[in-house]
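Undergrad: This is a predicted model, with the sequence first.
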There are 4 protein chains.
Amino acid sequence: MKKISIAGATGYTGIELLRLLVKHPEVEIAALTAESHAGKNIAAVAPSLKGWVDQSLVKLSPQIAQECDVLFLALPHTTSMKHVPELLQSDCKIIDLSADYRLQDAGVYGDWYQTPHLNPELLSQAVYGLPELHRKAIKKAQLVANPGCYPTGAILALAPLVQQDWADSTSIILDSKSGVSGAGRKLSQGTQFCEANESVAAYGLGDHRHTPEIEQELSGLAGQQLTVTFSPHLMPMTRGLLTTAYVSLKNAIDLQTLHDHFAKFYKNERFVRVLEAGQYANTAHVAGSNFCDIGVQVDTRNQRAIVTSAIDNLMKGASSQAIQNMNLMLGIDETTGLDAPPLFP
Amino acid sequence: MKKISIAGATGYTGIELLRLLVKHPEVEIAALTAESHAGKNIAAVAPSLKGWVDQSLVKLSPQIAQECDVLFLALPHTTSMKHVPELLQSDCKIIDLSADYRLQDAGVYGDWYQTPHLNPELLSQAVYGLPELHRKAIKKAQLVANPGCYPTGAILALAPLVQQDWADSTSIILDSKSGVSGAGRKLSQGTQFCEANESVAAYGLGDHRHTPEIEQELSGLAGQQLTVTFSPHLMPMTRGLLTTAYVSLKNAIDLQTLHDHFAKFYKNERFVRVLEAGQYANTAHVAGSNFCDIGVQVDTRNQRAIVTSAIDNLMKGASSQAIQNMNLMLGIDETTGLDAPPLFP
Amino acid sequence: MKKISIAGATGYTGIELLRLLVKHPEVEIAALTAESHAGKNIAAVAPSLKGWVDQSLVKLSPQIAQECDVLFLALPHTTSMKHVPELLQSDCKIIDLSADYRLQDAGVYGDWYQTPHLNPELLSQAVYGLPELHRKAIKKAQLVANPGCYPTGAILALAPLVQQDWADSTSIILDSKSGVSGAGRKLSQGTQFCEANESVAAYGLGDHRHTPEIEQELSGLAGQQLTVTFSPHLMPMTRGLLTTAYVSLKNAIDLQTLHDHFAKFYKNERFVRVLEAGQYANTAHVAGSNFCDIGVQVDTRNQRAIVTSAIDNLMKGASSQAIQNMNLMLGIDETTGLDAPPLFP
Amino acid sequence: MKKISIAGATGYTGIELLRLLVKHPEVEIAALTAESHAGKNIAAVAPSLKGWVDQSLVKLSPQIAQECDVLFLALPHTTSMKHVPELLQSDCKIIDLSADYRLQDAGVYGDWYQTPHLNPELLSQAVYGLPELHRKAIKKAQLVANPGCYPTGAILALAPLVQQDWADSTSIILDSKSGVSGAGRKLSQGTQFCEANESVAAYGLGDHRHTPEIEQELSGLAGQQLTVTFSPHLMPMTRGLLTTAYVSLKNAIDLQTLHDHFAKFYKNERFVRVLEAGQYANTAHVAGSNFCDIGVQVDTRNQRAIVTSAIDNLMKGASSQAIQNMNLMLGIDETTGLDAPPLFP
């Protein structure tokens, strides 16, 4: 049994990691950290876990990395990088759910996160933890940067397209719709029930921090530098992330051809379900699972491909994807502890 | 006092018309029709109206038009046109909330609604009931075709832009997010609570019937034939419709210039609120009102304008806009009975 | 035109007061206060009101009372009583939406609010602002204590029953279900969207602060000292408050008799709608209105009356009831600015 | 591997059974029936199961029982009993999720379901499938009547109390709050999104069909005939069922004593979690799991115990409890395939 610790165990992604790890056959929980709740029992802060985890929360320290095999960092952006260099001194493998090691270029990080990266030298050794694209590298990595929820949905929706030379590379628009849990568990007015309920609105148009991550990965697949218009929206629901991706096609492609290409691209991927041609991905059909559903459509009147992808933002968009990475890093079957149907309704 | 009747009074748009009309100082309710509920009291089918309307539902007949000044038709598409020719024989003014008289070209209607128009000769006399664009013609019309909810939000979001020569006319994408009430009150599996709750999905991509209506109006403003990609999505909320409109700009335009143009375009419109530059429209801030909020943004990295518009789909997207048209047709102040703040939260 | 000011204008009850007051034909807005947002424009904090109120928020001071005819206090419990004595020095009428002047007995206040009352001498001059019970006294009052949302629904549900000698006075149970807006706009973990959504739970069983208020009023009606079991629950919705009241009957009473008594009791009350015998009150049918719907039922197997009442907690449970009180205090028609149908759906 | 079939596989309880059974290590799926969808692939009707079950739906026939070890009947009330006698001819074990075999007294069934029982002779051999009360009998049964969702929550909340001689047996009130999925997947106006959202209301007060089931089981525990007031309410959420149970105490009992009795009563029950004294059960903390959380409180002012219980109505209230019964009937560990933490948020 491998020993697993979680830094930031009381947020939504921390609780979700725990929900999955307590049932994972190859691991056991070591330390759980939470700065403000240190000293409390985890079940007092996460009552759903009563009877499953019964231990006190502690503060994060380098020793925690020394005493476990894998350490998940469910910490805020710009906080992870304060700890990672010291934590990496141990043999512990680190899966960072923040954005701090997702961008290969420290300058791009500095521009979008408005603070210089504290240890740019580590960026080259960090692997972007999207298994469908970087499985081999993840297996060998000590430090994996778990993708953001929006980038996961966006990149999986467009990877098959940009990898071909079909798309007008200047035309990519990603209109994304996220459940409120994507904003985390910290208090804020916009995520209060009465503000978010019966409310749909965009935010961060043109400058959301997940943009460079999407561009980095799609550019890598396309073999050329791409930019995208990425538009996040907040939806009145707890879980779920739908991405509607628009791409102008250089030449007319019919729906069946496009669909077959997607189906082939993902045919060996357990956690990507390409729906039948003309069907639409729906967040309700992936909730509670590690699946990404993808629907392909062509607007023939405008020679435009429209791809919809649906994930559970706390699962494939965060915690279950992090465990998928853990499985790869530990050399065990990638689907261990993750291969279960979604919860519907 | 003018006499007002409603055909299809028990659906959501019918109930919303009644909610507003019982408080309207210049009108009184004449007949209310409902085919399946005929004989019942309206308050039995719409309990919110108990104490406000106390009359039996009847079946639609030509006599109803003869005995009122304005008749609202809240009937399904393709049903309205079966009745309108006979109803128009009276002096009664008709406001049709269905799609049957929105398209000027009977051929386009036939293509999108998959049935030939029954009285194409009436199309030229019907006026498209978007007061912000067609106020003068509405005042003189006997037959007004009330716009669809999606077209209302989409056209108002883009009118200022396409009217200028700023947009790449092949680049228009409308990603729209609607509350479930937009689907009406008839039973269907997709609108059951457990299917729609915690669910976000697209539908009708590339072939939704509101598309030609949007194209007709935007083409008129642009002075050239436009096509658009229109993508409706269903949201887990009752009311509200957010449109996110993407347009590539022929030349770089800064946010302030774009915003000032929108503010100027709508400066005399009581029911359009142009938000400050860089703010985003939110459905929660227009619920229960006739307002359309518009937010303007520029994605400078991709030289693309992003306009968000929010309406209450049952109000500015249907019933209150219909009353705005009624006011114009009756020659009374356009805002009568409509000028009230939204309900928040 | 009477001048109206609001202390605490940016909370949900403050915004709701403003929504109604800007349409009220007999009043105009004077000052709006908000401690933390002082200096900002109200529309920046309450975007739904854009175009309706355009003024800066100020801090509360005695001068505000001097410059208006009616001052609404939408302040937290125990804060109102710090200001009221000084504010009452002016001729201004005060409607306090907090609990500070609802209880006639300062000792009871001290027990339940866990702090001594600061000006117990004012309690006897404050009138409990439930117009259906205290209309005459409200008309003459300078200080009205606006009832809590739970007490409003509970007292209206049981007033006709306890006024008769039908009930076992030891048997009263009030199981209440409130929308989240009842908790106000301040940040708290329990009212975050992801905590409240898809969640139903009780809180404060046996010790909620609204209990003595309910007991005071029902005891007054019964002519004897009553105690009740009051059980509040939080519901995953924004607005609405359903009370299910259980009372053992001393003798068998049939449904029709009970219903007729309720109908007669409220027959002159514009804002109470007694539903047909055997129907159930539903929060969705009163949303956005000042109505209280009441449904009467008898569990004959257990000789128990079950009364359901539904109100909009921000309206009849707070702001519109406060305006109903204002109308009475100003000597104008009680329904002015309030008589509109609910918003459904 | 045991062969398992499901009659009525496309409703919510059928889909939930499948979600759990495809991961159950000791079983495999045999036939899936659905009358109206026969011939379709199950994944077309239940898209969440895509990739998990890939077989055609068939119509129910006696042969199905002959070819499986356990048959779940997820059929409507009064339909199950038309099939059960013939199905029981095989050696197949039957778990009926309808109400048809829950009541031991055919006369009581006839009264509440308003139709005579078709095979009253089978009632004595059917076992009421609440494992916490009837574990031994379930192990030996060929026919198990799976409890209703409301009765499960109600009986578990009160079993420890009525088993003692502490309660006034005439005082029991059960105020229950259910998510909409409890109404099943069939179309109805009350379960349409726009009718159920932002709506809380009671229904069936005094005559809901789950009442006799609750009374039968509580009477058995109490050793005397009890009646209860049972009040179901519909909540604007998909899953979850909270029961608030009120019982007058014959003598004063303090909270700690009551709590300790509950904790002791359930100390060996894996799926009942007795919360700390004074805490409240919350549906959000059991969603997606087989757990029943129980919170105990005493209203000392009124000498009344208030017990809250929370279950997931589709899980412990239906499908996972059915599998718990299946495990017992098959002689395997009772928790197999069920022992997982709830999904939060």
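TA: Alright, I've got the coordinates.

Undergrad: Now the stretch 101-250 of chain A against chain D: closest residue?
TA: Here the stretch 101-250 of chain A gets closest to chain D at one residue, residue A:238, 5.2 Å apart by CB to the nearest CB. Bear in mind the C-beta positions are built from the backbone N, C-alpha and C, glycine included.

Undergrad: Could you pull up the residues touching whatever residue of the stretch 1-150 of chain A ends up closest to chain D?
TA: Residue of the stretch 1-150 of chain A nearest chain D, by CB to the nearest CB: residue A:48 (3.7 Å). Residues near residue A:48 by CB atoms under 8 Å, 6 or more residues apart in numbering or on different chains: A:15, A:19, D:284-287, D:289, D:341-344.

Undergrad: Show me those that map onto helices.
TA: Judged by DSSP state H, the contacts of residue A:48 include A:15, A:19 as members of helices.

Undergrad: can you list the contacts of residue A:48 in TSV and add distance to residue B:107, pLDDT and neighbour count?
TA: Putting the contacts of residue A:48 into TSV (distance: CB to CB, whole Å; pLDDT from 0 to 100; neighbours: other CB atoms under 10 Å in any protein chain shown) gives the following:
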residue	distance to residue B:107	pLDDT	neighbour count
A:15	57	98	25
A:19	57	98	26
D:284	54	98	25
D:285	59	98	26
D:286	58	98	31
D:287	52	98	28
D:289	57	98	24
D:341	59	98	23
D:342	57	98	24
D:343	52	98	26
D:344	55	98	26
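
Undergrad: Quick check: of the contacts of residue A:48, which lies closest to chain C?
TA: The shortest approach to chain C among the contacts of residue A:48 belongs to residue D:284, at 3.6 Å (CB to the nearest CB).

Undergrad: quick one: contacts for that closest one?
TA: A:48, C:195, C:197-201, D:240, D:344-345.

Undergrad: most surrounded residue in those?
TA: Neighbour tally across the contacts of residue D:284 (other CB atoms under 10 Å in any protein chain shown): the maximum, 30 neighbours, falls on residue D:240.

Undergrad: Contacts only, for residue A:283.
TA: Contacts of residue A:283 (CB under 8 Å, 6+ apart): A:179, A:237, A:239-242, A:310-312, B:198-201.

Undergrad: Can you get me a residue count around the residue of the stretch 101-250 of chain A closest to chain D?
TA: For residue A:238, the neighbour count with other CB under 10 Å is 29.

Undergrad: for residue A:182, helix, strand, or coil?
TA: helix (DSSP: H, G, I helix; E, B strand; the rest coil).

Undergrad: Would you confirm that it contacts residue A:317?
TA: Yes: using CB atoms under 8 Å, residue A:182 makes contact with residue A:317 at a distance of 7.3 Å.

Undergrad: From residue A:15, how far off is the closest residue to the residue of the stretch 1-150 of chain A closest to chain D other than its chain neighbours?
TA: The shortest distance from residue A:48 to any non-neighbouring residue, by CB to CB, 6 or more residues apart in numbering or on different chains, is to residue D:344 (3.7 Å). In this structure, residue D:344 and residue A:15 are 6 Å apart, going by CB to CB, to the nearest Å.

Undergrad: Between these two, which contacts overlap?
TA: Common neighbours of residue D:344 and residue A:15 (criterion: CB under 8 Å, 6+ apart): A:46, A:48-49.

Undergrad: Kindly report the residues of the stretch 51-200 of chain A close to chain B.
TA: Counting by CB under 8 Å from any CB of the partner chain, the residues of the stretch 51-200 of chain A lying close to chain B are A:170, A:173, A:175, A:177, A:179, A:194-195, A:197-200.

Undergrad: Recalculate using a threshold of 6 Å.
TA: Counting by CB under 6 Å from any CB of the partner chain, the residues of the stretch 51-200 of chain A close to chain B are A:173, A:175, A:177, A:194, A:198-200.

Undergrad: hang on, the earlier thing: contacts only, for the residue of the stretch 101-250 of chain A closest to chain D.
TA: For residue A:238, the contact set (CB atoms under 6 Å, 6 or more residues apart in numbering or on different chains) comprises A:179, A:181, C:194, C:197, D:345.

Undergrad: May I ask which helix or strand encompasses residue A:230?
TA: With elements taken from DSSP states H and E, the one containing residue A:230 is strand A:229-234.

Undergrad: and the helix or strand following that strand with chain C, contact?
TA: As assigned by DSSP H and E, the chain's next helix or strand after strand A:229-234 is strand A:241-248. No: judged by CB under 6 Å from any CB, strand A:241-248 stays clear of chain C, getting no closer than 13.9 Å.

Undergrad: For strand A:241-248, name the packing helices and strands.
TA: Here strand A:241-248 touches helix A:149-163, strand A:173-178, strand A:304-311, going by 3 or more CB pairs under 6 Å, 6 or more residues apart in numbering or on different chains; DSSP states H and E.

Undergrad: can you list contacts of that strand?
TA: Identification of contacts with strand A:241-248 by CB under 6 Å, 6+ apart yields A:149, A:153-154, A:157-158, A:161, A:167-168, A:171-178, A:283, A:304-311, A:313, A:317, B:173, B:175, B:200, B:202, B:231.

Undergrad: which of those residues count as buried?
TA: Buried members of the contacts of strand A:241-248, scored by 16 or more other CB atoms under 10 Å in any protein chain shown, are A:149, A:153-154, A:157-158, A:161, A:167, A:171-178, A:283, A:304-311, A:313, A:317, B:173, B:175, B:200, B:202, B:231.

Undergrad: before we move on, back to that, shared neighbours, residue A:182 and residue A:317?
TA: Residues touching both residue A:182 and residue A:317 (CB under 6 Å, 6+ apart): residue A:149.
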